[in-house]
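> can you look at this prediction? I've put the sequence above it.
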Amino acid sequence: MSNHIVHHEYGDGGVPLDAAQRGRGPFIWRFNLFHRLTHGFAIISFYTLILTGIPLRFACAPFAEPLMRFWGGVEQAGLIHRTAAVFMVTYTFVHIVYMTVKLVRTRDKRRMLWGSDSLLPHPQDARDFLQQWKWYFGKGERPRFGRYSYLEKMDYMGEVWGFVIIGGSGFMLWFPEFFGRWMPGWMFNVATIFHAYEAMLAAAFLFTIHFFNVHLRPDKFPLDAVMFTGRGTLDYMEEEHPVMMDQIEAVAHEPVSHKAIADRRAPPPTRTQTMVAAIFGFAAWGVGLATIGMILWAALC
């Protein structure tokens, strides 16, 4: 890294609240505004769907009645649930269009589909998985991840799988007259089971595995807000996504870009941005962990 690049460092030697601000700068854009908005929409819609669905699925649980009152009753909760579902379908469709346009416009399509920038699983992810376990037991070096690690791809593909199963079964239950014209009756019983249990599995995965990998690991705790602020320090990027460093260093000497363009230099997040991200992040994983507690509690009734 050339010496004329300005470095950001915490002069007081303290540990930043946001793990993406650890170490030395400059800051680098990782996610643009579209990515961050989509992530925010996913949080809002998924939490709404889970918290309106739990009291219906576990009506026997002590928390079901007060939670249902919070939503304004069964009918109102159902309306909110279906509205959140339509909202999720809408931004998912927009995401598909966005990714399609990006693929058409990109010059290096192979890199986006099968290289270090790919969101799709490929053989390197299996090698990284095995290398990670070797590293855990001191038998090898830490794997070098590209733009997305196998853990991030697992999160992404899990959402795709959950969207298909939960969304498909949910629309069957929402429009039984339409689907009943060409589907046997027993399929609706199957859809009821799939909708409830896949939703619980999705919540369990998100609020345990995803939260731990992103926020609760010792090197991340208490929060990694890179998806909220869109940026992280050069040290953070080098540690988390070292394969990207060649393309980052190629433009790291350029002026700061106030527009969120991936891999370009970014201004440091302001104190207000950091605090807003922290409040939103802590609220999200706090409610998520409480939801896991409700699911475990309800499983005993």
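Arrived safely, thanks for sending.

> how far off centre is stretch 290-301?
Put simply, stretch 290-301 sits 23 Å off its chain's centre (C-alpha atoms, centre = their mean, to the nearest Å).

> just the residues contacting that stretch, thanks.
47, 50-51, 54, 57-58, 60-64, 200, 203-204, 207-208 (C-beta atoms under 8 Å, 6 or more residues apart in numbering). For the C-beta atoms, the positions are set from N, CA and C on the backbone; glycine is no exception.

> how does it look with 6 Å?
For stretch 290-301, the external contacting residues (C-beta atoms under 6 Å, 6 or more residues apart in numbering) are 58, 60-61, 63, 207.

> stretch 21-36 too?
Here stretch 21-36 has contacts from 6-9, 16, 226-227, 230-237, 248, 260-262, 264-266, 268, using C-beta under 6 Å, 6+ apart.

> most neighbours among the contacts of stretch 290-301, which one?
Neighbour counts for the contacts of stretch 290-301 peak at residue 207, which has 22 neighbours (criterion: other C-beta atoms under 10 Å).

> give the contact list for that one.
Shown in contact with residue 207 (C-beta under 6 Å, 6+ apart): 288, 292.

> how about residue 38?
With contact taken as C-beta under 6 Å, 6+ apart, residue 38 is in contact with 91, 95.

> per-residue confidence for it?
pLDDT, the model's per-residue confidence, is 94 for residue 38.

> equivalent analysis for the one 4 residues further on, please.
pLDDT recorded at residue 42 is 93.

> helix or strand: which one has it?
helix 33-57 (DSSP states H and E).

> in that helix, what's buried?
Neighbour-count burial for helix 33-57, counted by 16 or more other C-beta atoms under 10 Å, picks out 35-36, 38, 41-43, 45-55, 57.

> what's the next secondary structure element after it?
helix 64-70.

> pull the CA atoms of that next one into CSV?
Extracted C-alpha coordinates of helix 64-70, given in CSV (Å, rounded to 0.1, in the frame of the first residue of the first chain):
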residue,chain,number,x,y,z
ALA,A,64,-49.4,-15.6,22.5
GLU,A,65,-52.4,-13.6,23.8
PRO,A,66,-50.5,-10.4,24.7
LEU,A,67,-48.5,-10.6,21.5
MET,A,68,-51.7,-11.0,19.5
ARG,A,69,-53.2,-8.0,21.4
PHE,A,70,-50.2,-6.0,20.5
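
> so that it lines up with my notes, have the first residue be 51 from now on.
Sure, I'll start numbering at 51, so the last one becomes helix 114-120.

> packing partners for it?
Judged by 3 or more C-beta pairs under 6 Å, 6 or more residues apart in numbering; DSSP states H and E, helix 114-120 is in contact with helix 83-107.

> just how off-centre is the helix it packs on within its chain?
11 Å.

> same check on stretch 256-268?
Worked out by C-alpha atoms, centre = their mean, stretch 256-268 lies 11 Å from the chain centre.

> what of stretch 72-91?
In this view, stretch 72-91 has its centroid 12 Å away from the chain centroid, taken as C-alpha atoms, centre = their mean.

> start to end distance for that stretch?
27 Å (C-alpha to C-alpha, to the nearest Å).

> so for the helix or strand hosting residue 129, mean pLDDT?
Here residue 129, judged by DSSP H and E, is contained in helix 124-155. Here helix 124-155 scores 94 as its mean pLDDT.

> packing partners of it?
helix 83-107.

> relative to helix 124-155, how tilted is the helix it packs on?
150 degrees (axes from the mean of the first three to the mean of the last three C-alpha atoms, to 10 degrees).

> how much space between the closest residue to residue 295 other than its chain neighbours and residue 294?
What sits nearest to residue 295 in space, not counting adjacent residues and going by C-beta to C-beta, 6 or more residues apart in numbering, is residue 288, at 5.6 Å. To residue 294, residue 288 is 9 Å away according to C-beta to C-beta, to the nearest Å.

> between the two, which one's more packed in?
More neighbours surround residue 294 than the other of residue 288 and residue 294, with 21 against 18 (other C-beta under 10 Å).

> now do the contacts for the more buried one.
Applying C-beta under 6 Å, 6+ apart, the residues near residue 294 are residue 197.
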